[in-house]
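Asks: next input, structure requested:
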Amino acid sequence: MPWVEANLRDQRVLARCDTDGRVQADGGRVDVVYKAGASKVYRASAANITVSKTAAQYTDEQVASGGLSYLGNALPPKAAPTVPTVPTVRELRANEAAKHKRHAEASGAGWVAYTDGACSGNPGPAGAGVVLLGPNKEIVEGYEYLGLQTNNVGELVGIERALDLFPEDAGEVTVYTDSQYAIGVLSKGWKAKANVALIARIREKLKARTKVHLVYVRGHTGVVYNEKADELARLAVSSRKTAMPITPP
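Replies: Numbers count the residues shown, from 1 in each chain. Model prediction:
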């Protein structure tokens, strides 16, 4: 049975009707809905409903879907389920690199280091890589083979070597690492269950500096110097060699 546009005490509704557009009353009551797609049907007094001769009619399917307009009111169809947009790998890498660039620029023109660790097996042959950037565009690179160690040791040693290589008068410095573990045990008070002596030594070196920022950067997202530090750490593993500057630049 179709529906027809109608007025219920000056309110626009859809009312049940026959194929000729006449409202269908049952016991003096008529089924009405206040909008297309509504889940609730009301019973209104037939005496309060008026229908114009030119009123449009709609099928049950049209009313149930909500996909129609009546009496000048646009009734939007039910919204389709929102499908989340999944960014591509390239977009993720670009977003991460851009975010990191903004952070690096906000850090000022002081000394900055990017460090990373690598391990072939865990534990296994391990290495650390460091890239230092100076305020006058100095770039210092180094890598160190650590023998049979864990990846966490590689991450920690990379940070330690950066602290060793910063000039004593560098003042405020920033170390970027993709190791949440290293940041946690060195600056967030995480309790060290392993590598206790190494962590204690690095903490002392952190205290000796005027101010050191340990900043997390997501790995393998296109941040150039983070990728370079990773490359150097893996080179240490593959070559079983060390090429680390001994003194600050």
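
Asks: map the structural domains onto the sequence of this structure.
Replies: 3-75, 89-239 (automatic domain parsing).

Asks: winner for burial among these?
Replies: Neighbour counts (mean count of other CB atoms under 10 Å) averaged over each of those peak at domain 89-239, with a mean of 18. (Glycine included, C-beta is placed from N, CA and C.)

Asks: just put the domains of the chain in a markdown table and tack on distance to P248 and mean pLDDT.
Replies: Below are the domains of the chain laid out as a markdown table (distance: least, CB to CB, whole Å; pLDDT from 0 to 100):
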| stretch | distance to P248 | mean pLDDT |
| --- | --- | --- |
| domain 3-75 | 70 | 77 |
| domain 89-239 | 4 | 89 |
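
Asks: distance to T247 added to these, as a markdown table?
Replies: Shown next, in a markdown table, are the domains of the chain (distance: least, CB to CB, whole Å):
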| stretch | distance to T247 |
| --- | --- |
| domain 3-75 | 74 |
| domain 89-239 | 8 |
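
Asks: show me where this protein has strands.
Replies: Along the chain, counting by DSSP state E, strands occupy 3-8, 11-16, 25-26, 29-33, 42-45, 49-50, 57-58, 68-70, 73-75, 111-119, 124-133, 139-149, 172-177, 211-216.

Asks: and those strands: which comes nearest K193?
Replies: K193 lies closest to strand 139-149 among the strands of the chain, at 15.8 Å (CB to CB).

Asks: same for that closest one, what does it pack against?
Replies: strand 124-133, helix 151-165, helix 224-239 (3 or more CB pairs under 8 Å, 6 or more residues apart in numbering; DSSP states H and E).
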